[in-house]
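Colleague: Give the three-dimensional model of this entry:
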Amino acid sequence: MNKPLRKAVMGVLVNQEQHILIGYSPRDKSYKFPQGGLEKNENYIQGLQRELLEELNYTFETKDILEFFEEKVVYIYPENEFYSGQELRIVKIIYNPEIQLQPQDDEFESLFWIQPSELKKFDTDYRAEAYNQALKICKLL
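Modeller: Purely as a prediction, here's the structure:
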């Protein structure tokens, strides 16, 4: 039986120095962007607002959105009971330094602001090609 792709959204947070935010996930044992699957009746912006609040205790307003991309990136899960992988829409957001990022539960252990070209130095595991594509879509690579 073919499993569907999970509809999801990922946030590319960019600071004033044009660095991007990634974090180490102890649950996934790799680095990743803030992201997550959409809940029923949730649009991509609502989904990202919820995910950033859940994962980083971070809130953003629509005025903070630099770009919302129609193009999607896909990665395949190594193992998942319900989905074959994720199909992610990308939202590029300007980071508000007045709001302190606070990793929640086991989603992120540590956070890093890096130059986009440095992403390849971090183990993003099975997400690597999709993340590289996402940074190209965001015109960061």
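
Colleague: Just the buried positions in the longest helix along the chain, please.
Modeller: For the chain, the helix with the greatest residue count under DSSP state H is helix 44-56. Residues 44, 47-49, 51-52, 55-56 are the ones in helix 44-56 that count as buried (16 or more other CB atoms under 10 Å). In this view, the C-beta of every residue, glycine as well, is placed from N, C-alpha and C.

Colleague: which residues in this protein form helices?
Modeller: 44-56, 128-137.

Colleague: Point out the one among these that comes closest to F33.
Modeller: helix 128-137 (6.7 Å; CB to CB).

Colleague: now for the closest one, which elements pack on it?
Modeller: Under the contact criterion of 3 or more CB pairs under 8 Å, 6 or more residues apart in numbering; DSSP states H and E, helix 128-137 touches strand 5-14, strand 65-76, strand 85-94.

Colleague: What's the end-to-end length of stretch 5-22?
Modeller: Using CA to CA, to the nearest Å, one end of stretch 5-22 lies 23 Å from the other.

Colleague: Give me the distance from it to the chain's centre.
Modeller: With CA atoms, centre = their mean, to the nearest Å as the basis, stretch 5-22 stands 5 Å off its chain's centre.
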